[in-house]
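Engineer: task: produce atomic coordinates for the following.
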Amino acid sequence: MKKVARPQISQRLIYDLKITPKAQKALFFLVLLLSLLYLIFVLLKSLHINGYFSFPLDDPWIHLQFAKNLNEYGKFSYFKDLNITSGSTAPFYTFLLSIGFFFTSNEFILSYCLGIIFFIGSIIYFYNILRLEFQDSFLITIFGTILFAFMWKIQWAALSGMETTTVLFFLLGAIYYYKKNSWLIFSVFAGILLWVRPEALIFYGVLFIDLLYKKYLLNKKLNNNEFIFKNKQFKTGLIIFVLLLISYFVFNLSLSGTLFPNTFSAKIKYYSGGNVNYITQVYNLFTENELIILSLFSVIGILVVLYEILNRKQNGKLIYTFWLLGIILAYGLFLPYLYQKGRYLFPIFPAYLIMGIYGIVITMNLIQKKIESIKNYYKYMFLVLVITIIITLQFLYASINFIKIYIDDVKYIHDRQIITGKWLNKNLSPQSIVATHDIGAIAFYSKLQVVDMVGLISPEMIPNIGSFDRLKKFLSSKKVTHIATLRNWFHIGNQYPIFTTNEKTPEVMEVFEYTDNSDFVPQNIVRINEEAEYLLMTGDIQRALLLLNQSINFYPNLDWTNFLIGKIFMLLRENNKAKVFFENTLRLNPNHLGAKQLIENLR
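Structural biologist: Reported below is the predicted structural model:
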C-alpha cells in the first residue's frame, strides 16, 4: 500500500486545523485588540493604585525635554534654547514627540500613545514575517504572534516612554520588506532605523552578510530576478538609504562634533571597566520562568542554522541568528551590563522568538518522521498543541505578573526623580544650576538648567568620567550651585542634604548645595554604609557595627559613618561612646540635624 505523505508542521497546517482564512483574520485582529486593551488596563490599574501616571525609567524625560525645547524654541537643546547637543540616541523618536506637543501638553499621554501605536504596528509586522517564514502555517503564526504580543518585557517597553517599540517597528518592517524584496520601502525603514537606535549598524552588517552568503558561499549564480544590484528599484532605494545615513551623521556632527550621539560615547566610557558577570546576566535573561522551554528550542534552532551555513545550505533564518548573536556580542564588548530589565537587548526578542519557534518546528518534524500510522500522527498533533499551549500559558501568566512589576517601577521613579524635580522647581531660584546623573525628570520638572555628571548631554564631561577631582573641576567650570543624586551613585560628605526622598526605601535621592569645598565620598564607602544602614534597620546591630568599623578605618572623617556608629552605641545603651561619635559628627558637619537632636536626647 502506497504511503501518503503528511504535511509537516510548518507547511499549511491550517488545513489540519480546519480554520478558514476569514477566521484567521478574525483571530489575528482579536489578538491585536486584546493586546491593546490589556496595555490600557495596565495603565489604568497603575493610575488607580499609585494615584498618578509615571514611567518605569528616568530616560523618557530626556527625549521629552529635547522634544519640548524643539517644539518651543526650534532647537535641539536641553535647556530652553541653550545647551544644543546630540544627547538623544533616538532623534527620530524625539522629533515625533516634538510634533506631538502641538496636540497635547501631557507628556504621559503623548509617550504612551506613541509606545502603544508602534507596539501594535510591530505585532502586525511580526505576524506577517511569521507567515513568510513558516509557509502560512496558521498554528505557528498565531502562536508566535501571541507570544510577541504578550511578552511582558515588550509590554513593559511599550509603556516605558522609551523608543523601544519604535525600534521594533522599523526593525521588523525592514526585515519584512527585505524578505519581500520591496527595496524602496525597505530602504526607508532601514534608514530610519539608524535614527532610532545606533545598533542599526549591526543590523546592516547582518543583512550584508546574508547577501554575500546567498551570492558566494552557496556556490549558486543568481539569476536576473535574484541579482538585486541590477534591480532599478534597488538602486533608487540604495540612494534613499545612503542619504538617510549621511543625514544622521551630519546631524550629530553639527550638534556635538561626533558621528554618534553623546549618550553612545558616555555610556561606553562609563561602563568601560567591563563586567565579568555579563554572560551570566544574559543567561539569566533568557532562562526566566516563562522563557526556559522556548530558550531550549531557540538554541536548537540557532545550532541548526549554524550547521547549515557551515555546510553551505540555504537557510532563511540566518539574519535572525546573526542579529541575535551580534547584538549580544556587541554589548559584551562595549556595554557589558544588563540593567533595567536588560532593555538594551529587547530588540533581539523577535529574532529570539522566531528561532524558538523554528526549533519547535525542527523538533516536531523530527518526531513526525518516527511516526508511521495516522493514529500516531494525531497523537503527534496533540503533542504539538500541548507544547504550544504550555509555552503560551507561561507567557500569559508572566504578562499578568507584569502588572505589579510595572506599578512598582513607575512608583519607584515617581518617588525619587519626579518628586525631586518638582521640589527643585518649588524651592530653588530660577538661576540655580543643578548637577545630576539622572537628567530626565529632574530637568523636565525643575525647569532649571542641569549639568550632566555622566556626559549624556554634556560631552565635555565624558573625559572626566571616573575621576572625582576632574568632576569637581568640571562642575566648578559650569558654575553648579546644587547637586541632586542618588546616594549610591554620588554622595557629598560632611554636608547635610537640603532635601532627601524617603530614607526607608532603597536608593535615596539627595539634594546638596554645592561649593568648591564639597567632597565626594568614595563609592565603596557609600556601599558599605548603605549596607550597614539596612542591617541597622533590620535589627542586625553587630554586623552593622562590623561594617561601619571597616568604613571608618578606611575613611575616618565622614559625618555619615560617625553618626551611624553613634546610633548603634545609643541602641546598646553605651551613651558615653554614642556621645563621642555624635560630637565627631557635628565637628565634621555642624549642620547635622540628626546628631544635634540625638545628642540633646542624651543630655
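Engineer: can you list the buried residues in the helix or strand hosting residue 202?
Structural biologist: Element membership for residue 202 (DSSP states H and E) is helix 200-212. The neighbour-count check on helix 200-212 (16 or more other C-beta atoms under 10 Å) flags 200, 202, 203, 204, 206, 207, 209, 210 as buried. (Each C-beta comes from the backbone N, C-alpha and C, glycine too.)
Engineer: what packs against that helix?
Structural biologist: Here helix 200-212 is seen to pack against helix 164-179, helix 183-196, helix 318-334 when contacts are counted using 3 or more C-beta pairs under 8 Å, 6 or more residues apart in numbering; DSSP states H and E.
Engineer: quick one, what contacts the residue nearest the centre of the chain?
Structural biologist: Among the residues of the chain, the smallest C-alpha distance to the mean C-alpha position (C-alpha atoms, centre = their mean) belongs to residue 343, namely 2.5 Å. Taking C-beta atoms under 8 Å, 6 or more residues apart in numbering, we find residue 343 in contact with 57, 153, 157, 160, 162, 164.
Engineer: if I look at residue 100, how far off is residue 189?
Structural biologist: As judged by C-beta to C-beta, to the nearest Å, residue 100 and residue 189 stand 21 Å apart.
Engineer: now do residue 12, the pLDDT please.
Structural biologist: In this prediction, residue 12 carries a pLDDT score of 42.
Engineer: the helix holding residue 202: what's the following helix or strand?
Structural biologist: Next along the chain after helix 200-212, taking DSSP H and E as the criterion, comes helix 232-256.
Engineer: need the contact partners of the very next helix or strand once past that next one.
Structural biologist: Once helix 232-256 ends, the next helix or strand along the chain (criterion: DSSP H and E) is helix 262-270. Helix 262-270 is contacted from outside by 85-89, 198, 256, 258, 334-335, 454-459, 461-462, 465-466, using C-beta under 8 Å, 6+ apart.
Engineer: so what's the gap between helix 262-270 and the chain middle?
Structural biologist: Using C-alpha atoms, centre = their mean, to the nearest Å, the distance from the centre of helix 262-270 to the centre of the chain it belongs to is 15 Å.
Engineer: repeat for stretch 305-312
Structural biologist: Taking C-alpha atoms, centre = their mean, one finds stretch 305-312 lying 32 Å from the centre of the chain it belongs to.
Engineer: still on that earlier bit, could I get the helices and strands packed on helix 200-212 in JSON lines, plus columns for mean pLDDT, mean neighbour count and distance to residue 121?
Structural biologist: Formatted as JSON lines, the helices and strands packed on helix 200-212 follow (pLDDT from 0 to 100; neighbours: other C-beta atoms under 10 Å; distance: least, C-beta to C-beta, whole Å):
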{"stretch": "helix 164-179", "mean pLDDT": "97", "mean neighbour count": "24", "distance to residue 121": "5"}
{"stretch": "helix 183-196", "mean pLDDT": "96", "mean neighbour count": "22", "distance to residue 121": "11"}
{"stretch": "helix 318-334", "mean pLDDT": "94", "mean neighbour count": "19", "distance to residue 121": "19"}
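Engineer: Throw those into CSV and include distance to residue 232, thanks.
Structural biologist: Putting the helices and strands packed on helix 200-212 into CSV (distance: least, C-beta to C-beta, whole Å) gives the following:
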stretch, distance to residue 232
helix 164-179, 16
helix 183-196, 9
helix 318-334, 24
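Engineer: mind checking how far residue 133 is from residue 127?
Structural biologist: The value you get for residue 133 to residue 127, if C-beta to C-beta is used, is 11 Å.
Engineer: ok, back up a step: nearest to residue 497, of the contacts of residue 343?
Structural biologist: Of all those, the one sitting nearest residue 497 is residue 57; the distance, using C-beta to C-beta, is 24.0 Å.
Engineer: could you dump stretch 454-464 to CSV, C-alpha only?
Structural biologist: What follows is stretch 454-464, C-alpha atoms only, in CSV (Å, rounded to 0.1, in the frame of the first residue of the first chain):
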residue,chain,number,x,y,z
VAL,A,454,27.9,61.3,33.3
GLY,A,455,28.1,63.0,30.0
LEU,A,456,24.8,62.1,28.3
ILE,A,457,24.1,65.7,27.4
SER,A,458,27.4,67.2,28.4
PRO,A,459,30.0,65.7,26.0
GLU,A,460,32.8,67.7,27.6
MET,A,461,32.2,65.7,30.8
ILE,A,462,33.0,62.3,29.1
PRO,A,463,36.8,62.6,29.5
ASN,A,464,36.3,63.3,33.2
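Engineer: ok, residues contacting that stretch?
Structural biologist: Surrounding stretch 454-464, the residues in contact under the criterion C-beta under 8 Å, 6+ apart are 62, 78, 83, 85, 87, 256-258, 262-263, 265-267, 269-270, 437, 439, 450-453, 465, 470-471, 473-474, 478.
Engineer: and these, which are buried?
Structural biologist: Applying 16+ other C-beta under 10 Å to these flags 62, 78, 83, 85, 87, 256, 262-263, 265-267, 269-270, 437, 439, 450-453, 465, 471, 474, 478 as buried.
Engineer: how far off helix 318-334 does whatever helix or strand residue 368 lives in point, in degrees?
Structural biologist: Under DSSP H and E, the secondary-structure element containing residue 368 is helix 349-369. With axes from the mean of the first three to the mean of the last three C-alpha atoms, to 10 degrees as the criterion, the two stretches helix 349-369 and helix 318-334 enclose an angle of 130 degrees.
Engineer: quick check: which ranges of the stretch 301-450 of the chain have low pLDDT?
Structural biologist: Under the criterion pLDDT under 70, the flagged ranges of the stretch 301-450 of the chain are 370-378.
Engineer: going along the chain, name the helices of it.
Structural biologist: If you assign secondary structure with DSSP state H, counting those that start in this stretch, the helices in the stretch 301-450 of the chain sit at 318-334, 349-369, 374-413, 419-427, 440-446.
Engineer: so what does the longest one touch, helix or strand wise?
Structural biologist: Put plainly, it is helix 374-413. Counting contacts by 3+ C-beta pairs under 8 Å, 6+ apart, helix 374-413 is packed against helix 21-50, helix 138-149, helix 152-158, helix 292-310, helix 349-369.
Engineer: lovely, talk soon.
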